[in-house]
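Peer 1: Quick check, what structure comes out for this input:
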Amino acid sequence: MNSPSYKEIASSISDSQLALILERSGWERFGGQESLYSRWRPSGERGVGGLLLPQDSGVADYAELLAQAVAQAWKLGDDRVRSLLEKAVVTSTLGDEIRFQKEAQTHHGTIQWLAGEDLYSAARKSMVVAAKSRKSKLAYFGNSNSHLARSFLDSVLMGQTEVGSYVVTAYAPPDEVFTEKKLKPGDTRPLTGTHTGRDITRGLVHVLETTREVVDHFADTGSTSGFIESVGRGFCYEITHAVRDLVRDSRGGEVRVEMTVAADLFEEVHTESHSLEFSPADYPILERAGNVLAATSRPQRVTVLGSVTLLERPNPGRPGLIRLDVLAGTAARKMRVRLNAEDYDLAMDAHRDNMALKITGRQEIEGRYYWLYAPEQIELIPMEIVEGNAGSPSSEQHPLF
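Peer 2: This next block holds a predicted model:
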């Protein structure tokens with residue numbers, strides 16, 4: 001930096017950071033007024049006037065005074081001071097960089113209009129999921145956790161696109177803190193329910209990694225079990241739509257995340273990079289996953305037939321918890337049900353006598369588990385009848401229903 005912009009340096013550094021630079025470079029502090037300003041000079045140079053370093057960022061001329069302090073530090077300091085001031089500008093980034101790239105089937109630097117709209121939609125939806133999943137993991141978010149997502153997006157900057165494959169760049173503030181609930185004027189920040197921008201950016205990486213694994217698992221096995229089982233790791237209906245928007249009408253898409261780690265002025269700067277790629281071949285799998293998640297995430301009234309494989313009751317006469325291995329009635333493979341004392345005893349009989357339970361109730365999914373709430377019409381069905389009907393002429397409705 002031959003002709004430094006002192007204002008640029010001052011905008012990239014705080015007064016406490018400048019004080020630390022001076023202290024570690026052998027300067028000494030003398031005089032000043034606590035919380036308002038401090039005075040500094042190179043060690044051993046008592047005849048030098050030194051510099052005045054402002055400490056109250058609330059005063060109107062704080063930025064101007066800080067720029068003047070930077071100018072004095074540059075002029076009076078040695079090469080170490082100047083090097084650290086230069087580094088302050090380099091390490092002051094716009095935030096964690098998130099690049100959403102789409103391989104467009106057009107000339108470099110251009111994209112079909114609707115494909116471009118899809119790319120922006122993919123970026124927005126992905127970051128919304130990243131924020132919402134910090135508070136809870138759901139198969140279908142809808143309007144849940146909206147305050148956290150909205151406040152995060154309000155602080156994200158949108159960068160310029162790049163020539164070549166079409167790119168949308170977002171810059172997320174790593175150190176800004178976001179709350180799960182809206183605070184009223186005068187409220188203090190809660191000790192729990194807060195997340196930094198860096199937390200959310202890492203969450204985006206985790207959700208996309210999970211999505212990539214879920215798609216690969218289905219492609220390898222043809223099993224849809226991973227759709228539901230991965231909800232607890234952030235996989236959800238909304239991320240299936242985000243990635244579909246990313247790859248629709250393209251030759252492929254990529255999300256690349258770069259985070260500047262340990263960007264301390266006195267340490268080496270390290271960039272942590274993550275890259276997740278998706279292709280048009282993933283689209284039908286994501287569509288199927290989205291349909292499954294949407295269908296199972298909303299409450300449904302179902303009648304389930306299953307065998308009892310787990311019984312848990314803390315005290316006799318109190319409600320208990322059972323788990324069913326589902327045989328028919330729902331797409332769920334396993335179902336958890338809370339039963340009153342009388343119905344729990346019936347479930348114990350089913351388990352002891354190797355019989356199936358038929359239960360009607362409200363099916364919901366929480367995290368990675370299916371639950372059946374408000375159970376009623378509980379019946380014991382001999383297992384030989386269940387097995388005998390399993391080979392009956394096929395229809396979508398089990399013969400026992």
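Peer 1: which residues of this structure fall in helices?
Peer 2: Secondary structure of the chain (DSSP state H): helices at 6-11, 15-24, 62-76, 79-91, 113-135, 146-155, 197-221, 225-229, 237-247, 283-297, 341-352, 383-390.
Peer 1: quick check: domain ranges of the protein?
Peer 2: What automatic domain parsing lists as the domains of the chain is 6-91, 96-295, 299-390.
Peer 1: Could you dump the ones you listed into CSV and include mean neighbour count and mean pLDDT?
Peer 2: C-beta here means a position set from N, CA and C on the backbone, and glycine is covered the same way. Formatted as CSV, the domains of the chain follow (neighbours: other CB atoms under 10 Å; pLDDT from 0 to 100):
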stretch, mean neighbour count, mean pLDDT
domain 6-91, 16, 86
domain 96-295, 18, 89
domain 299-390, 17, 86
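Peer 1: For H107, which of the helices of the chain is the nearest?
Peer 2: helix 113-135 (13.2 Å; CB to CB).
Peer 1: what packs against that closest one?
Peer 2: Contact analysis of helix 113-135 by 3 or more CB pairs under 8 Å, 6 or more residues apart in numbering; DSSP states H and E lists strand 96-102, helix 146-155, strand 166-172, strand 194-196, helix 197-221, helix 237-247, strand 253-261 as its packing neighbours.
Peer 1: Please determine how far G329 is located from Y6.
Peer 2: Distance, G329 to Y6, by CB to CB, to the nearest Å: 72 Å.
Peer 1: Ignore what I typed, I meant V243.
Peer 2: 46 Å.
Peer 1: One more: L327?
Peer 2: 75 Å.
Peer 1: nearest residue to L66 other than its sequence neighbours?
Peer 2: Residue nearest to L66 in three dimensions, not counting chain neighbours: A10, with 4.5 Å by CB to CB, 6 or more residues apart in numbering.
Peer 1: Contact partners for that neighbour?
Peer 2: Neighbouring residues of A10 by CB atoms under 8 Å, 6 or more residues apart in numbering: A63, L66, A67, A69, V70.
Peer 1: what residues does stretch 217-228 touch?
Peer 2: Contacts of stretch 217-228 (CB under 8 Å, 6+ apart): 139, 213-214, 235, 285, 288-289, 292-293, 296, 331-333, 365, 368, 370.
Peer 1: Okay, V70 and P42: tell me how far apart.
Peer 2: V70 is 15 Å from P42, by CB to CB.
Peer 1: Pipe the helices and strands packed on helix 113-135 into a markdown table and attach distance to V129 per row.
Peer 2: Formatted as a markdown table, the helices and strands packed on helix 113-135 follow (distance: least, CB to CB, whole Å):
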| stretch | distance to V129 |
| --- | --- |
| strand 96-102 | 13 |
| helix 146-155 | 8 |
| strand 166-172 | 14 |
| strand 194-196 | 14 |
| helix 197-221 | 6 |
| helix 237-247 | 5 |
| strand 253-261 | 12 |
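Peer 1: out of these, which comes closest to V89?
Peer 2: strand 253-261 (13.3 Å).
Peer 1: Adjacent strands (with direction) for the closest one?
Peer 2: Note on strand 253-261: by DSSP bridges, its sheet partners are strand 96-102 (antiparallel), strand 270-278 (antiparallel).
Peer 1: I'd assumed L311 was in contact with A347.
Peer 2: Yes. Using CB atoms under 8 Å, A347 is in contact with L311, at 6.5 Å.
Peer 1: what sits in contact with each of these two?
Peer 2: With CB under 8 Å, 6+ apart as the test, A347 and L311 both reach G320, I322.
Peer 1: Contact partners for the spatially closest residue to E258 that is not a sequence neighbour?
Peer 2: Closest residue to E258 apart from its sequence neighbours, by CB to CB, 6+ apart: E97 at 4.5 Å. Counting by CB under 8 Å, 6+ apart, E97 touches G159, T169, A170, Y171, R256, V257, E258, M259.
Peer 1: isn't Y37 right next to Q55, touching?
Peer 2: Yes. The pair Y37 / Q55 is scored as a contact, 5.7 Å apart, by CB under 8 Å.
Peer 1: roughly how far apart are A328 and I359?
Peer 2: 12 Å.
Peer 1: shared neighbours, those two?
Peer 2: V304, G306.
Peer 1: Tell me how far D154 lies from E176.
Peer 2: Look at D154 and E176: by CB to CB, they are 10 Å apart.
Peer 1: and if you look at E64?
Peer 2: 25 Å.
Peer 1: Quick check: beta-bridge partners of E97?
Peer 2: Beta-bridge partners for E97, by DSSP bridges, are Y171, E258.
Peer 1: what about it, distance to S38?
Peer 2: In terms of CB to CB, E97 sits 35 Å off from S38.
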